[in-house]
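Student: this is a predicted model, with the sequence first.
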Amino acid sequence: MSKIAEVAKAVEAGKMKLIEGFVAEALEAGEDPLAILNEGMIGAMAIVGEKFQKSEIFVPEMLVAAKTMKKGVEVLKPKLAGGTTAKLGKCIIGTVHGDLHDIGKNLVALMIESAGFEVIDLGVDVQIETFINKIKENPDTKIVALSALLTTTMPSMKDTATAIKASGLSGFKLIVGGAPVTQEFADQIGADGYSPDAASAATLAKNLVA
Ligand code: B1M
């Protein structure tokens, strides 16, 4: 089995104690960190999602897989974050109210940070007022980033975007993303930008403040 396949299997099976070792071994073997992330970990989470949909596994197994991936990402982080001395301003990020998924949001935060932004991460299940208060506290914010993973929390993303736009606060761009989110939906809710993955979210954020 390839080193990346070992990482994927460990995430899928929720081998929390073994994952750090597998990721370190894959790196030592010269595997590309992005390939370990995309093919190894995100690929495994897609399989976990499919198994959940088919009722082959349940929420606890999905949670253990998520925790396993998080541990693996910690080992990858130094390799993924390119590190730049650019100072592009503040980015406030969070997963919208009602949604507890944070792995994708954390990756977006990591990439945006390594692109040169100071990231203020509000976590998951973030209320509209929390976003608005944080923007008020940080009037120099350049990017506000919303993540949603559930079709059922897309309305929450819409409400958050609408409230932020209606608040009269300005000087920043609003970007959105997450598996069910599309460019069309982003346009509908008045977002300034949409991107499908973490790397392109960082490029989008940079382009929007350039
Ligand atoms: Co959930 N879950 N989950 N889950 N979960 C999904 C999303 C699901 C697709 C699984 C499935 O059925 N196939 C399904 C949603 C169906 C739908 O709405 N269409 C689902 C469901 C149904 C649920 C529950 C409702 C289950 C239940 O309780 N019955 C429940 C909801 C809880 C809630 O949020 N209120 C639930 C719970 C959970 C856990 C807590 C157990 C756990 C999350 C733990 C955690 O995040 N800390 C979990 C997990 C792990 C998943 C899957 C398996 C994996 C998610 C993940 O981390 N992917 C997921 C299936 C899947 O994704 N294939 C599933 C890896 C991650 C890197 O990808 O988050 O997509 P992702 O992020 C990507 C892009 O989307 C993008 O960039 C990232 C990296 O490139 N991106 C952005 C994300 N945010 C962005 C923001 C941007 C730009 C890009 O700009 C700002």
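Tutor: Arrived safely.

Student: quick one: contacts for the closest residue to Thr152 other than its chain neighbours?
Tutor: The shortest distance from Thr152 to any non-neighbouring residue, by C-beta to C-beta, 6 or more residues apart in numbering, is to Gly98 (7.1 Å). No exception for glycine: its C-beta is placed from N, CA and C like everyone else's. The contact partners of Gly98, by C-beta atoms under 8 Å, 6 or more residues apart in numbering, come to Asp125, Leu150, Thr152, Thr153, Ser156.

Student: now which of those residues would you call buried?
Tutor: When these are checked for burial by 16 or more other C-beta atoms under 10 Å, the buried set is Asp125, Leu150, Thr153, Ser156.

Student: how about the residues you listed, which pair is most distant?
Tutor: Between any two of the buried ones among the contacts of Gly98, the greatest separation by C-beta to C-beta is 11.4 Å, found for Asp125 and Leu150.

Student: do I have it right that Lys134 meets Ile120?
Tutor: Yes: at 6.3 Å, Lys134 counts as touching Ile120 under the criterion of C-beta atoms under 8 Å.

Student: any residues in contact with both of those two?
Tutor: Common contacts of Lys134 and Ile120, defined by C-beta under 8 Å, 6+ apart, comprise Ile92, Thr141.

Student: how near is the residue nearest to Thr152 to Ser195?
Tutor: Applying C-beta to C-beta, to the nearest Å, the value for Gly98 to Ser195 is 22 Å.

Student: output the contacting helices and strands for the stretch of helix or strand Ala8 belongs to.
Tutor: Assigned by DSSP states H and E, Ala8 belongs to helix 3-12. Contact here means 3 or more C-beta pairs under 8 Å, 6 or more residues apart in numbering; DSSP states H and E; on that basis helix 3-12 packs against helix 19-28, helix 43-53, helix 59-80.

Student: so for the ligand, which of the ones you listed sits nearest?
Tutor: The ligand lies closest to helix 43-53 among the helices and strands packed on helix 3-12, at 2.6 Å (C-beta to the nearest ligand atom).

Student: how about the closest one against the ligand, any contact?
Tutor: Yes: Helix 43-53 reaches the ligand (C-beta under 6 Å from any ligand atom) through Met45, Ala46, Val48, Gly49, Phe52, Gln53.

Student: export the helices and strands packed on helix 3-12 as CSV, with columns for mean pLDDT and mean neighbour count.
Tutor: As requested, the helices and strands packed on helix 3-12 are exported to CSV (pLDDT from 0 to 100; neighbours: other C-beta atoms under 10 Å):
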stretch, mean pLDDT, mean neighbour count
helix 19-28, 97, 19
helix 43-53, 96, 16
helix 59-80, 95, 17
